[in-house]
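**Q** Next input, structure requested:
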Amino acid sequence: MKDRFGLSVSTTQHAVIDALDHFSTQLLLNGQTAGKILDAVNAHPDSLLLNCHSGIIFLYSHDDVDSAKTLPYLKAAEALLNVSNNREKLHYQAACAWYAKDYDTAIVAYKKITEQWPRDCVAAKFAEWIFYCAGQSFYADRFLHITAPMYLHNKNEPGFLATHSFALELTQQYDQSLAIAYDALAIEPITPWAHHTVGHALMAKSEINHGIDLFEKYKPSWGGILPPLAGHLTWHLTLFYLANLEEKKILSQFSPGVWGNTPELSLEQIDAISLLWRMEMADMPHDDLLKQVTKKLGPHVYQQYIGFDNAHYIYALSRTGNTESAQKIISDATHYAHTLQPSYQNIWLNICIPLFKGIHAYALGHYQEASTHLNPILPIVACVGGSDAQVEVFYQTAVISLLRAGKKDKAQALINQYLPYFIPTKLGELWSQS
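**A** Alright, predicted model coming up:
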């Protein structure tokens with residue numbers, strides 16, 4: 001039988017096809033009911049894809065407790081390999097690599113899928129998250145090499161167009177990325193990932209007020225989408241406000257908005273920490289709010305999924321006086337790094353650990369020490385995970401460390417190199433006057 005993309009599925013059950021089609025639509029348009037696939041797999045445990053996709057749901061949270069829930073689904077999928085087609089087997093391989101945090105292997109598997117079956121938009125969407133884990137701007141060209149050949153096959157699929165537009169944005173093709181995002185929105189106005197591309201691209205083009213106008217227009221449509229993404233899009237709106245130094249508007253969106261919808265999730269915690277971190281660097285500290293966020297942090301802060309996550313936890317804990325907890329993250333991450341294969345070990349030991357130490361020093365007010373750790377790794381810091389807009393906080397931290405250490409010329413050089421789009425903004429003016 002075939003799914004809505006015309007792809008063969010090893011099943012004779014219409015209900016399996018319906019469940020896969022529902023999941024793909026919800027995944028691509030960031031709907032709230034992708035989790036219904038868990039009901040479907042209970043009813044039809046003999047579907048490899050239902051098992052793989054169900055297991056993957058738990059990997060998005062970056063938490064060991066949730067990730068452990070993935071394993072039974074992978075074991076069930078493994079038992080079905082002999083009765084599954086080649087595309088499904090590759091999905092299984094990718095899911096296993098993702099579960100093992102072997103992001104490079106997962107990327108290779110998803111690329112094989114999209115090369116042979118360019119209509120597999122689910123594989124492209126999964127790959128997008130893997131690139132987030134590996135560093136979206138660091139691997140931007142590889143991401144675009146997946147989506148670009150798929151474009152002609154999926155020009156009428158708004159969810160795919162949103163993903164492709166984001167790959168274009170990450171490769172700094174801002175005008176083309178906007179054009180593709182607007183194409184997606186012309187087909188389906190509530191394509192939140194296309195909104196996401198627009199936010200990234202307009203910030204990179206220094207079109208701050210245009211971004212505010214569009215995001216305030218888009219915001220009412222986010223009530224029906226996945227809550228963590230609604231919060232993340234609101235986070236992007238606050239970044240536009242921050243570029244204009246509009247503190248009251250930022251706070252009006254902080255809670256509820258960026259914070260308070262699903263405060264137990266790491267994605268929401270990181271967005272909240274990131275925003276408050278940036279506000280503090282813009283001379284708008286709100287440590288009272290940061291303490292509220294920190295109280296919700298759980299054991300996952302000591303786990304290692306991507307260095308990007310740990311870096312934010314270190315800032316929040318260090319800034320709020322929990323220095324022993326921050327130091328434990330660094331210590332645990334160092335031990336973890338020594339257990340990894342060489343390529344991942346290099347990232348954790350030589351990029352993540354200096355990043356963590358620099359952020360810890362910055363949060364404690366040791367600005368010269370922070371610069372010593374941060375400045376050498378800036379050219380490749382994006383490999384710790386996150387998007388271009390998200391790793392920007394590390395560049396800002398390096399800039400503010402230099403400014404507060406009295407090294408204005410060096411700070412300006414970093415702004416010119418890594419943050420030029422802020423130069424014409426009020427935030428950029430604040431930095432130049434520091």
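**Q** how's this protein carved up into domains?
**A** Following automatic domain parsing, one gets these domains for the chain: 1-127, 297-434.
**Q** Next, format those as TSV and append mean neighbour count.
**A** Yep, even glycine has a C-beta here, placed from its N, CA and C like the rest. As requested, these are arranged in TSV below (neighbours: other CB atoms under 10 Å):
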stretch	mean neighbour count
domain 1-127	19
domain 297-434	19
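**Q** Redo the ones you listed as a markdown table? Include distance to residue 165 and mean pLDDT.
**A** Below are the domains of the chain laid out as a markdown table (distance: least, CB to CB, whole Å; pLDDT from 0 to 100):
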| stretch | distance to residue 165 | mean pLDDT |
| --- | --- | --- |
| domain 1-127 | 12 | 98 |
| domain 297-434 | 13 | 97 |
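**Q** Tell me which of those domains lies nearest to residue 138.
**A** Of all the domains of the chain, domain 297-434 sits nearest to residue 138, with 3.9 Å by CB to CB.
**Q** Now render the domains of the chain as CSV, adding distance to residue 169.
**A** Below are the domains of the chain laid out as CSV (distance: least, CB to CB, whole Å):
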stretch, distance to residue 169
domain 1-127, 15
domain 297-434, 8
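**Q** Select, out of the ones you listed, the one closest to residue 191.
**A** For those, proximity to residue 191 was assessed by CB to CB; domain 1-127 is nearest, at 6.1 Å.
**Q** Against which helices or strands is the helix or strand where residue 141 lies packed?
**A** Assigned by DSSP states H and E, residue 141 falls within helix 140-147. Judged by 3 or more CB pairs under 8 Å, 6 or more residues apart in numbering; DSSP states H and E, the packing partners of helix 140-147 are helix 103-116, helix 121-134, helix 158-170.
**Q** Make JSON lines from the ones you listed and add distance to residue 386 to it.
**A** Formatted as JSON lines, the helices and strands packed on helix 140-147 follow (distance: least, CB to CB, whole Å):
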{"stretch": "helix 103-116", "distance to residue 386": "13"}
{"stretch": "helix 121-134", "distance to residue 386": "7"}
{"stretch": "helix 158-170", "distance to residue 386": "11"}
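**Q** how about the helix holding residue 141: buried residues?
**A** Going by neighbour count (16 or more other CB atoms under 10 Å), the buried part of helix 140-147 is 140, 142, 143, 144, 146, 147.
**Q** Do I have it right that the first one meets residue 170?
**A** Yes - in this structure, residue 140 is within contact of residue 170 by CB atoms under 8 Å, at 3.8 Å.
**Q** Need the overlap of contacts for these two.
**A** Shared contacts of residue 140 and residue 170 (CB atoms under 8 Å, 6 or more residues apart in numbering): residue 388.
**Q** Tell me how far stretch 130-150 lies from the chain's centre.
**A** What separates the centre of stretch 130-150 from the centre of its chain is 12 Å, taken as CA atoms, centre = their mean, to the nearest Å.
**Q** which residues are contacting that stretch?
**A** Applying CB under 8 Å, 6+ apart, the external contacts of stretch 130-150 come out as 98, 101, 103-104, 106-107, 110-111, 114-115, 118-119, 121, 124, 127-128, 160, 163-164, 167-168, 170-171, 305-306, 308, 380, 382-388, 391.
**Q** Straight-line length of that stretch, end to end?
**A** Taking CA to CA, to the nearest Å, stretch 130-150 runs 18 Å from one end to the other.
**Q** That stretch - what's its average pLDDT?
**A** Mean pLDDT, stretch 130-150: 97.
**Q** Repeat that for stretch 268-283.
**A** Across stretch 268-283, the average pLDDT comes to 98.
**Q** buried residues in it?
**A** For stretch 268-283, by 16+ other CB under 10 Å, it's 268-282.
**Q** which one of these is nearest residue 233?
**A** Set against residue 233, the nearest of those by CB to CB is residue 271 (9.9 Å).
**Q** Identify the residues contacting that closest one.
**A** If a contact means CB under 8 Å, 6+ apart, then residue 271 has 231, 232, 235, 258, 259 as its contacts.
**Q** how far is stretch 117-132 from where the chain is centred?
**A** Its chain's C-alpha centre and that of stretch 117-132 lie 14 Å apart, by CA atoms, centre = their mean.
**Q** Show the end-to-end separation of stretch 23-35, please.
**A** 8 Å.
**Q** Distance check, residue 425 against residue 203.
**A** Residue 425 is 10 Å from residue 203, where distance means CB to CB, to the nearest Å.
**Q** Now do the shared contacts for the two.
**A** Here residue 425 and residue 203 have residue 243 as joint contacts, going by CB under 8 Å, 6+ apart.
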